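In: Sequence and predicted model, in that order:
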Amino acid sequence: MVAAAPHDNALPPADPAREGTLLALTTELTSGQIRYLAGFLAGIAAERDRIDSASARQSTPSSSPPPAAHGGAAARATVLFASQTGNGRRIAERLHRQLESQGLAARLVNVADYRPRELADERLLYLVASTHGDGDPPDDARGFIEHLTGRKAPALPRLAFSVLALGDSSYPKYCETGRLLDRRLAELGARRLAALSEADVDYRSVADAWADRAVADAREQMQAPHIAIISAPPPSQSATADRDTPVEVELLAATRITARQSERPVVHLELHAPAPQLAYEPGDAVGVWHRNPAFIVEQLAALVGTHPDTPVELDGATRTLGEWLGEHREITRLARPFVDAHAVRAANAELDRLRNAADGAGLRELLRDWQPLDLLQRFPADWSAAELLQALRPLTPRLYSIASSRAAVGDELHLTVAAVDYLHEGQRRVGAASHFLTQLAADPATRVRAYVEPNPRFRLPADAGRDIIMIGPGTGVAPFRGFLQQRIESGARGRNWLLFGGRHLHSDFLYQAEWLEARRKGALHRLDVAFSRDQQDKVYVQHRIREHGAELLRWLGDGAHVYVCGDAQRMAQDVHAALRDVLVTHGGRDADDAEAELAALAAERRYARDVY
Amino acid sequence: MSTSEHKAPPSPVEAIKSSSRLLRGTIAEGLRDGATGALADDDTHLLKFHGSYQQDDRDQREERRQAKLEPAYSFMIRTRLPGGVCTPRQWLALDDLATRYANGTLRITTRQAFQLHGVVKRDLKPTLAAMNAVLIDTIAACGDVNRNVLASANPDESALHAVAYQWARRISEQLLPKTRAYHEIWLDGEKHSGGEEAEPVYGPTYLPRKFKAAVVVPPHNDVDAVFAGISASSRSVRCGRVRLDGFNRDGRRWPRRHPW
């Protein structure tokens, strides 16, 4: 159609706002994804030309984009993801790519950007939903779940769907979010294309099978392909390291940053971070593949009556038991399937009582406070080496918030690691990854296998004039070191406010000297701290939030962004409640309005959390 | 006016003193700042007039610097105790503070005062408040003012001791700074701007350095009046009545061995 001609070129240069929007959309994408989009958009353009020319022949006006799918068969599949750490997003992206490569029209949407009322128009929905902590949905998914479980949820008789639930079986409420969504969609009348798939931290094989099935189903559900990729984009042969292709880097420095009097050793690590393999933005996390502590490996080997040097064949691979346990199995975190498998072998009444306690408290305690070794020692059972390896989960990398900005430190990546090291019934137990990392300094030859896990939900405001409020007690302060470095280096005009908490001012104020220096130079505009054990009554960051509520509300009124990083179980909830109280006490809202306002801030990405 | 009286510009510390609103500075704000165990640099000069020094543990400096922590700051607190006289009740209170807030020691100084060491910033106020509860203060125990006034120590040595002590008290009280800053900052006293107060003896910059006074009863120069800026000595026993009958204005003229 002739009317379309002026738009055949690139965006009109006279429309910088639109160009800005487009650029903003691309900031969170890798170059591979952008190349892919280029092809995808070309496909849409071709499809629109086709429709336009057809409608031109029929003399029907067609000035609007193609209408949303209506009618019987699905015109387009929607791949929706609710992801906390990025695994869900990755799986969804992959499925979306697969669908596109089959010529099936599909769109990929973060549940945070999804308007729930669109659901009624969907015909084919693939949902990847992760659960973090003990049954918590990703922050992004809260609004969606509220809508779906609320009274205004639409009937969905025309929808076909399939859900992939991601979870961690070391928590009792395993895959809770996915289970809930799967159940709820069915209740609303939607039709399951496949039974719910549940994937543990080693999600790969389950996720692949689910995606293969999804593509096959989509082919059946959909008519002829609507959009084809015009020029196949180069395969996403990205130069960046990822979970499965980490890069080995050198440790440049390791320093303990809590005083010797502190009960909590925290170590500041500096890794070499060559670009582009370890390119990152402040707010991103670094994934680290650790090696399990040798003394735990030895004890486990002894328990199955074998030496670590003994070769063991499993799934077609032969490694020594020490290698299997040291680098390929999760041996410091207990997961429910292992507890169940062990209980069958141990046939111990006390263990069964713990496991089956009605309120789940016993199981919760087991999963939280016990390691596999504790279980094996306390409730002996016969395991062969191969059986044990079979029952333990594959090793998974650990994620740490990056504590630096490339603008300030160049090709380095800093992280802040609290060493987990304690006695369980008189025996030393450690957190595998923190032990690995904090012991690195002792052996400078050790290299670290690492990759960057982007966290686009946790970013500095694009507008550098905006104020930011950073709430990060303990090691939760890590990303804010990167934030502040970035704001200083970029000359951002917005004000910076940090709220930190710890046990003792004297010994636990992480990066204290740097914060004080930044404050002295006027780069850190407010610094409020809460040290819980320095006085009779325990004081935490949430107390400071309430104390300075009026000021905080003024900052919010000026457009400030609020960031929370750290413990998800208690801190994040206490801080959330304190923020709500501030809106009530100083803003005159009622509790529901305050809650809705926080949700709106979250939707605007002005209230962002990185909690774990 | 001769050129020799031409005034030099004030030293940096004098500038701090004169702009401090009579020793207030920003000490109160500094005490409220929970992010650091230190006071602002300027305030550390003013703090001396309140009887306290900010210190840090040299042995931990390098270690803490590497740990990205500030130095291990703590404070010494020194009492004002004219003539070194302390009641049993006061002693018990000081003993308690030594273990509750300080490092467990209570030092007796050559100027007849007590010193607590290792008190952290957040404990400064409770410590001074507890002292105040037993009528001990730390005003002018350090700083460029008249320091703790000495008096001969042993009441058994001389019937004049009591008189010497009274004089030590009088001198100490007379030369106290008149600012209400101490009461405001440490004892939550009523706030004054500092504008309506004056220091008739010292002026806004106080003294260029410390000043010492001592009262001794010959023949014992036990408090070493030789080293005082002003010393009072007493002599004369007449008709069984003891009285103080003179002052020796310049300690340096005091002979090493008493002439009587």
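Out: The structure has been received and is ready for your questions. For clarity, every value in this text was computed on a predicted model and none was experimentally measured.
In: that's a helix at B:Gly30, yeah?
Out: Yes. Assessed by DSSP: H, G, I helix; E, B strand; the rest coil, B:Gly30 belongs to a helix.
In: which residues in the stretch 501-612 of chain A form helices?
Out: Shown for the stretch 501-612 of chain A, the helices assigned by DSSP state H, counting those that start in this stretch span residues A:505-508, A:512-520, A:541-547, A:549-557, A:571-585, A:591-603.
In: The shortest one near chain B at all?
Out: The reference is to helix A:505-508. Yes. Using C-beta under 8 Å from any C-beta of the partner chain, helix A:505-508 reaches chain B at A:505-507. No exception for glycine: its C-beta is placed from N, CA and C like everyone else's.
In: any chance of those in JSON lines, plus distance to A:Met470?
Out: JSON lines is the format used below for the residues of helix A:505-508 next to chain B (distance: C-beta to C-beta, whole Å):
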{"residue": "A:Leu505", "distance to A:Met470": "19"}
{"residue": "A:His506", "distance to A:Met470": "23"}
{"residue": "A:Ser507", "distance to A:Met470": "22"}
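In: Can you tell me which of the residues you listed are buried?
Out: Buried members of the residues of helix A:505-508 next to chain B, scored by 16 or more other C-beta atoms under 10 Å in any protein chain shown, are A:505-507.
In: Assign the residue most central in space within chain A to helix, strand or coil.
Out: The residue lying closest to the centre of chain A (C-alpha atoms, centre = their mean) is A:Thr85, at 1.2 Å. Taking three-state DSSP as the rule, one finds A:Thr85 in the coil state.
In: Now do the same contact list for it.
Out: Shown in contact with A:Thr85 (C-beta atoms under 8 Å, 6 or more residues apart in numbering or on different chains): A:130, A:132, A:285, A:399, A:453.
In: how about a cut-off of 10 Å?
Out: The neighbourhood of A:Thr85, defined by C-beta atoms under 10 Å, 6 or more residues apart in numbering or on different chains, consists of A:130, A:132, A:138, A:166, A:285, A:287, A:399, A:453, A:455, A:610, A:612.
In: Just give the number of residues close to A:Leu252.
Out: When neighbours are counted by other C-beta atoms under 10 Å in any protein chain shown, A:Leu252 registers 16.
In: And it, how close does it get to chain B?
Out: Per C-beta to the nearest C-beta, to the nearest Å, A:Leu252 is found 15 Å from chain B.
In: mind checking which helix or strand that residue is in?
Out: If you go by DSSP states H and E, A:Leu252 is part of strand A:247-256.
In: again with B:Ala214
Out: For B:Ala214, the host element (DSSP H and E) is strand B:213-216.
In: And the next helix or strand past the helix or strand containing A:Leu373?
Out: For A:Leu373, the enclosing helix or strand under DSSP H and E is helix A:372-378. From helix A:372-378 onward toward the C-terminus, using DSSP H and E, the following helix or strand is helix A:385-391.
In: hey, where'd the strands end up in the stretch 401-550 of chain A?
Out: Using DSSP state E, counting those that start in this stretch, the strands found in the stretch 401-550 of chain A span residues A:412-418, A:421-424, A:427-430, A:447-453, A:468-471, A:496-502, A:526-531.
In: need the helix or strand of chain B with the lowest average pLDDT.
Out: When the helices and strands of chain B are scored by mean pLDDT, DSSP states H and E, strand B:237-238 comes last with a mean of 40.
In: Show me which residues of chain A are close to chain B?
Out: Proximity of chain A to chain B, by C-beta under 10 Å from any C-beta of the partner chain, involves residues A:255-262, A:266, A:268, A:481, A:498, A:500, A:505-517, A:519-520, A:524, A:527-531, A:534-535, A:539, A:544.
In: what about 6 Å?
Out: Within chain A, the positions lying close to chain B (C-beta under 6 Å from any C-beta of the partner chain) are A:255, A:257, A:259, A:511-514, A:516, A:527, A:529.
In: my guess is A:Phe144 meets A:Ala112, correct?
Out: No. Between A:Phe144 and A:Ala112 no contact is recorded; they are 8.1 Å apart, counting by C-beta atoms under 6 Å.
In: Of those two, which one has the most company?
Out: A:Phe144 (22 against 19).
In: Could you tell me the per-residue confidence at residue 103?
Out: Assuming you mean chain A. pLDDT, A:Gly103: 83.
In: meant chain B, my bad for not saying
Out: For B:Asn103, pLDDT reads 96.
In: Does it belong to a helix, a strand or coil?
Out: Under three-state DSSP, B:Asn103 falls in the coil class.
In: Leaving out chain neighbours, which residue sits closest to it?
Out: Using C-beta to C-beta, 6 or more residues apart in numbering or on different chains and skipping the chain neighbours, the partner closest in space to B:Asn103 is B:Gly118 (3.3 Å).
In: A:Ala347 too?
Out: A:Ala381 (7.8 Å).
In: In terms of helices and strands, where is the residue of the stretch 101-250 of chain B found nearest chain A?
Out: Nearest residue of the stretch 101-250 of chain B to chain A: B:Arg122, at 6.5 Å (C-beta to the nearest C-beta). Secondary structure from DSSP H and E places B:Arg122 in helix B:121-133.
In: What residues are bridge-paired with the residue nearest to A:Tyr400 when sequence neighbours are not counted?
Out: Leaving aside its chain neighbours, A:Tyr400 sits nearest to A:Leu415 (4.5 Å; criterion: C-beta to C-beta, 6+ apart). Using DSSP bridges, the beta-bridge partners of A:Leu415 come out as A:Leu269, A:Ile402.
In: how many other residues sit next to A:Leu415?
Out: By other C-beta under 10 Å, neighbour count at A:Leu415 equals 25.
In: Same question for B:Ala38.
Out: 19.
In: Quick check: pLDDT value at it.
Out: 98.
In: My read is that it contacts B:Ser74, right?
Out: No. Judged on C-beta under 6 Å, B:Ala38 makes no contact with B:Ser74 at a distance of 9.8 Å.
In: Can you give me the distance of the residue nearest to A:Ala347 to A:His342?
Out: 6 Å (C-beta to C-beta, to the nearest Å).
In: so how far is the host helix or strand of A:Ala341 from its chain's centroid?
Out: Per DSSP H and E: A:Ala341 is located in helix A:336-346. Put simply, helix A:336-346 sits 29 Å off its chain's centre (C-alpha atoms, centre = their mean, to the nearest Å).
In: all strands in chain B, in order from the N-terminus.
Out: Along chain B, counting by DSSP state E, strands occupy B:52-56, B:73-78, B:107-108, B:114-119, B:150-151, B:213-216, B:230-233, B:237-238, B:241-242.
In: angle of the first one against strand B:73-78?
Out: Pointing back at strand B:52-56 there. Relative orientation of strand B:52-56 and strand B:73-78, computed by axes from the mean of the first three to the mean of the last three C-alpha atoms, to 10 degrees: 150 degrees.
In: Strand B:52-56 pairs with which strands, and in what direction?
Out: With DSSP bridges as the test, strand B:52-56 is paired with strand B:73-78 (antiparallel).
In: Give me the contacts around the strand it pairs with.
Out: Outside strand B:73-78, the residues that touch it by C-beta atoms under 6 Å, 6 or more residues apart in numbering or on different chains are B:37-38, B:51-56, B:113, B:115-120, B:124, B:138, B:141-142.
In: quick one: low-confidence ranges for the stretch 101-250 of chain B?
Out: Residues of the stretch 101-250 of chain B that meet the criterion pLDDT under 70 lie in B:193-196, B:219, B:225-250.
In: What parts of it come near chain A?
Out: Counting by C-beta under 6 Å from any C-beta, no residue of the stretch 101-250 of chain B is near chain A.
In: mind running it again at 8 Å?
Out: With C-beta under 8 Å from any C-beta as the criterion, the stretch 101-250 of chain B meets chain A at residues B:120, B:122.
In: Would you state the strands of the stretch 151-300 of chain A in chain order?
Out: A:160-166, A:191-192, A:197-199, A:247-256, A:266-272, A:285-289.
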